[in-house]
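I'll drop the sequence and a predicted model, then ask my questions.
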Amino acid sequence: MTSRQCAVIFLIIACNHVMVAADKNMYACQTARTKSKEFCNASLSYESRVQALLSELTQDEKLSLMGAHGKDTCAFLDGGVARLDIPQYTWCTETNTGVSTECIKEGKCVTTFPSPALLAASFNRTLWRAKGRVQGLEQRAYFNLGATRATGSGIPGPPIGLNGWGPNINVVRDPRYGRNSELPSEDPFLNGEYAIHVVHGMQNGSDPKWPLLIHATLKHYTAYSVETNRFGFSGNVSTYDLFDSFLPQYEAGFTRGQAGGAMCSYMSMNGIPSCANEFILNHMVRNEWGMKNALIVTDCLACASMYLHNHYAKDVATAAAAAINSGVDLNTGTPFYQDGGLAQAIGNHTVTWNTVDTALSRSLLWRFRLGLFDDPSNQSYSKSGLESINTTSSQSLVQEGAAQGFILLKNEEALPIKKGSNVAVVGPHANSTIQLLSDYYGDQVCFGPPDPGSNIRSNGHCIPTIGQSVTNSNAGGTTKVFAGVGVTTNLTKAAEDAAMDAVAWAESVVLCVGIDHSIEHEGIDRDDIVLPQVQLVFAKKVLALTRQNNIKLTLVLVNGGAIAIDDLMGADAIIEAFYPNSAGSVALGKAIFGDSNRWGKLPITIYPQNYANELTIEQMRMQADPSTNYPGRGYRYYTGKALFPFGSGLSYTHFSTECSHKENTTSCNVTNIGDMDGDEVVFLFHIPPKQQQQQQAIRRLIDFQRVSIGKGETVSVEFISEDTQFKVVSNDMSWNNRRQQENRYTLTPGEHTLMVQTTDNTHNFSVLFDISSLI
């Protein structure tokens with residue numbers, strides 16, 4: 001790849017090591033009475049040291065290391081082993097969007113990234129790896145500094161560990177799902193690519209002696225996509241959907257990303273809780289995917305839910321046995337240790353000590369690999385500190401990521417806005433701060449005391465608003481900012497009147513609407529996919545006034561799950577911003593005025609509002625079913641007309657694309673024929689033979705590249721496809737035969753199509769397979 005093709009300037013995120021007095025109390029094997037122990041002998045292999053440690057532990061000590069202690073069991077602080085000077089260790093450090101910890105000092109709060117969907121919309125693998133790298137370096141630095149979880153109560157939480165719980169890679173299955181803000185896209189291939197590169201960044205260090213930076217945990221494994229009644233919900237999942245939509249991204253994250261582990265979810269599939277599902281845990285992860293040492297941890301309360309909510313288990317002992325026998329190693333919550341579940345299960349002979357040792361050996365192995373049983377003074381990463389946190393380069397990466405992810409869905413000569421104009425920024429998200437952040441953004445984003453009425457987690461005083469960013473970008477002009485209405489409630493009549501007066505005054509209007517975590521959040525699914533009524537009424541008034549006065553209107557959408565905007569399609573320009581997070585609004589202001597032209601492509605489908613009436617969130621089926629008018633889910637299966645389909649996105653410039661296909665290589669020359677430098681995403685889709693299309697996906701993404709192209713320049717893009725990319729999951733596979741790999745995928749003979757898609761062009765190429773290809 002040439003420097004011109006690299007769509008993001010590679011930011012060297014280096015650690016100019018400043019000596020930090022790493023607290024040796026956080027490490028084992030540092031005391032005189034333990035240094036001579038065999039498990040502290042650094043000349044032995046990690047596996048040998050783990051076995052030596054297991055031989056030293058009492059039975060209660062083993063169980064104490066496998067379950068949470070203290071009141072905050074979701075933080076998962078284990079028991080440690082005081083007799084052997086093994087410190088307590090915190091297993092839960094959320095890392096989906098930012099490392100979950102407190103600020104160290106002014107300017108040294110965690111780097112908070114744009115939402116995963118906004119980053120996925122960049123279709124930039126380099127960017128995803130850079131994000132993971134920042135998170136890995138920051139988590140290490142925070143650990144070295146003894147940082148704790150921020151509770152908001154003034155009492156420090158447990159110290160953070162080196163296990164990062166993220167990335168979250170389930171598909172966006174339904175726009176109503178409350179945790180869509182945590183997810184990259186609706187496409188399992190795209191999510192898998194995202195997982196591979198984020199995990200590589202998080203885990204892969206540059207020191208060959210200590211190659212593991214932190215440990216990454218894929219979540220929530222798998223198919224988890226309902227929040228309402230999440231502890232008791234069981235989805236009917238077909239074998240086809242399991243292998244076509246719910247497992248591929250995890251397979252990629254494990255086999256190509258080499259993720260250290262996964263979190264099993266609250267979700268039950270076909271009556272079996274994920275954390276008691278031996279097939280997806282032991283069989284798929286450890287046997288088929290070969291990740292023998294993958295560390296499986298339960299989501300908080302997932303094990304307890306087996307007897308408290310979904311009643312898969314009759315009591316705590318049965319639940320603990322079901323989990324550990326199926327492949328769970330650690331229990332976030334109380335059943336394994338505090339409630340005595342494992343001890344009872346061992347006592348009634350439903351769990352063996354061999355099973356306990358096997359599970360515990362996996363968690364201990366990762367602690368050894370992280371250097372937690374070796375002298376920190378000899379480890380390069382144990383010396384990093386403040387210089388690795390919230391650096392200039394990481395903040396530049398946040399803005400670059402947002403700029404590459406914003407999606408210009410429509411533009412009828414409204415953008416870019418000319419600087420020096422009279423601009424009105426209205427709508428509830430015009431003045432939003434913390435509401436611009438996606439879930440799991442870190443425990444504390446802004447240093448200092450919280451604003452009145454907020455707490456440390458909801459304190460957003462340091463986050464620039466969209467209104468502020470538009471004002472700053474409108475050099476020489478006048479910008480008026482009025483919310484007009486709230487996200488879910490009306491403000492005063494005076495507030496709305498002020499906003500409407502600003503609209504009537506303006507030459508260009510930026511209308512910022514959307515949802516927030518009061519509507520979609522962990523534990524809260526949306527009831528519909530439209531804007532809250534107060535916003536819709538207000539937005540329609542703004543639309544009507546701008547049409548009446550010939551004022552250009554740009555609609556900015558802030559959301560996790562897609563919003564149906566059927567009644568607002570008349571806006572001159574539409575931008576999908578998802579949750580831009582801490583500095584994303586700055587990048588948005590620059591994009592609106594043409595200071596950047598880095599736009600992304602839509603990683604989800606934006607459905608019409610009636611879509612929510614055609615199927616329920618609980619229906620897990622992905623494929624369309626014409627016999628019941630079931631419309632299908634996502635671009636691969638949806639048979640209706642989307643407001644904006646997957647892959648949508650415009651630019652301020654235009655591109656022409658010329659492609660050819662020979663043997664297994666598809667080559668394209670992409671030329672910028674417009675007036676600005678800009679970025680383009682080139683997609684490669686597979687379309688199955690016509691006779692197969694009623695049973696399989698309408699089309700499937702199999703590759704993509706993002707390129708930056710200067711005005712008047714041409715960049716070459718090449719895709720090399722393999723026969724395996726044309727194989728699809730067999731519709732004939734039954735649930736009882738799900739372990740038979742030879743019957744799982746099929747390569748249909750006949751005419752397959754490779755489709756190259758760019759902003760302005762589509763090219764189709766036929767690829768023929770005869771029956772011999774199946775042998």
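Great, that's in hand.

Just the strands from the stretch 51-200 of the chain, written as ranges.
For the stretch 51-200 of the chain, strands defined by DSSP state E, counting those that start in this stretch occupy the ranges 93-94, 163-168.

Out of the ones you listed, flag the one nearest residue 437.
For residue 437, the closest of the strands of the stretch 51-200 of the chain is strand 93-94, at 13.1 Å, according to Cβ to Cβ. Using the backbone N, CA and C atoms, a C-beta is placed for each residue, glycine as well.

Give the pairing partners of that closest one; include direction for each.
In the sheet, strand 93-94 lines up against strand 163-168 (parallel) (DSSP bridges).

Identify all contacting residues around the strand it pairs with.
With contacts defined as Cβ atoms under 8 Å, 6 or more residues apart in numbering, strand 163-168 is touched by 91-97, 99, 116, 132, 135-136, 139, 179, 182-184, 194-195, 198-199, 202, 214-220, 260-261, 263, 295, 366, 440.

Of those residues, which belong to helices?
116, 132, 135, 136, 139, 194, 195, 198, 199, 202, 366 (DSSP state H).

Residue 53: which of those is nearest?
Closest approach between the ones in helices among the contacts of strand 163-168 and residue 53, by Cβ to Cβ: residue 366, at 13.1 Å.

Show the pLDDT at the closest one.
Residue 366 carries a pLDDT value of 98.

List the contacts of it.
163, 215, 260, 261, 293, 295 are the contacts of residue 366 under Cβ under 8 Å, 6+ apart.

Distance-wise, check it relative to residue 386.
Separation of residue 366 from residue 386 (Cβ to Cβ, to the nearest Å): 26 Å.

Over to residue 38?
Counting by Cβ to Cβ, the gap from residue 38 to residue 386 is 37 Å.

How about residues contacting stretch 334-341?
Counting by Cβ under 8 Å, 6+ apart, 63-64, 66-69, 73, 79, 303-304, 316-317, 319-321, 323-324, 330-331, 342 sit against stretch 334-341.

Buried subset of the residues you listed, written for PyMOL?
Buried residues within the contacts of stretch 334-341, by 16 or more other Cβ atoms under 10 Å, are selected in PyMOL with:
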select buried, resi 63+64+66+67+68+69+73+79+303+304+316+317+319+320+321+323+324+330+331+342
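
Can you report phi and psi for residue 765?
Per-residue torsions, residue 765: phi -130, psi 140 (degrees, to the nearest 10).

Of the contacts of strand 163-168, which qualify as buried by neighbour count?
Buried by 16+ other Cβ under 10 Å: 91-97, 99, 116, 132, 135-136, 139, 179, 182-184, 194-195, 198-199, 202, 214-220, 260-261, 263, 295, 366, 440, out of the contacts of strand 163-168.

and the least confident helix or strand in the chain by mean pLDDT, which strands flank it?
Lowest mean confidence among the helices and strands of the chain (mean pLDDT, DSSP states H and E): strand 762-769, at a mean of 79. Strand 762-769 has the following strand partners under DSSP bridges: strand 750-757 (antiparallel).

Now the partner strand: average pLDDT?
The predicted model gives strand 750-757 an average pLDDT of 91.

likewise stretch 190-209?
96.

which regions of the stretch 401-550 of the chain sit below the pLDDT cut-off?
For the stretch 401-550 of the chain, the stretches flagged by pLDDT under 70 are 451, 453-454.

try 80 this time
442, 449-458 (pLDDT under 80).

For it, which segments are assigned as helices?
466-473, 493-505, 533-548 (DSSP state H, counting those that start in this stretch).

Figure out which of those helices is closest to residue 587.
Nearest to residue 587 among these is helix 466-473 (8.1 Å), distances taken as Cβ to Cβ.
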